[in-house]
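Asks: sequence and predicted structure, then a few things I'm wondering about:
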Amino acid sequence: MPIKFRPSVAKYEKQSNGTQKKFKEHFYMRCTSTDEITKAYESTRSPKYRDKLKKELVKRGVLNANV
């Protein structure tokens, strides 16, 4: 499973026949902009979440692995 940036959200979409269709929207690290990940890395205090963000920023070449 890919790493999630934040929890998934259930959304509802109205259809033409008057019913609603439920679908999930997922927020993965690979789909999130580097700026958004950097802001979250600087503002979070949770060690587990901060480590996930750090690994993604190292992978993208924004941070050094020794930071």
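Replies: Okay, I see it. Numbering: from 1, shown residues only.

Asks: what is the mean pLDDT for the lengthiest helix in the chain?
Replies: Criterion DSSP state H: the longest helix present in the chain is helix 47-60. Helix 47-60 carries an average pLDDT of 94.

Asks: before we move on, what about stretch 5-20?
Replies: Across stretch 5-20, the per-residue pLDDT values average to 93.

Asks: which residues belonging to that stretch are considered buried?
Replies: Using 16 or more other Cβ atoms under 10 Å as the test for burial, stretch 5-20 gives residue 5. Bear in mind the C-beta positions are built from the backbone N, C-alpha and C, glycine included.

Asks: send me it as PDB with only the CA atoms.
Replies: Extracted in PDB, the C-alpha atoms of stretch 5-20 (Å, rounded to 0.1, in the frame of the first residue of the first chain):
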ATOM      1  CA  PHE A   5      -0.600  11.900   3.500                       C
ATOM      2  CA  ARG A   6      -3.800  12.200   5.400                       C
ATOM      3  CA  PRO A   7      -6.900   9.900   6.000                       C
ATOM      4  CA  SER A   8      -9.200   9.100   3.100                       C
ATOM      5  CA  VAL A   9     -12.500  11.000   2.800                       C
ATOM      6  CA  ALA A  10     -15.900   9.600   1.700                       C
ATOM      7  CA  LYS A  11     -17.700  11.900  -0.700                       C
ATOM      8  CA  TYR A  12     -21.100  11.800  -2.200                       C
ATOM      9  CA  GLU A  13     -22.000  12.700  -5.800                       C
ATOM     10  CA  LYS A  14     -25.600  13.300  -7.000                       C
ATOM     11  CA  GLN A  15     -26.600  11.400 -10.000                       C
ATOM     12  CA  SER A  16     -29.200  12.400 -12.600                       C
ATOM     13  CA  ASN A  17     -31.700   9.800 -11.400                       C
ATOM     14  CA  GLY A  18     -31.900  11.400  -7.900                       C
ATOM     15  CA  THR A  19     -29.700   8.900  -6.100                       C
ATOM     16  CA  GLN A  20     -26.300   9.500  -4.600                       C
END
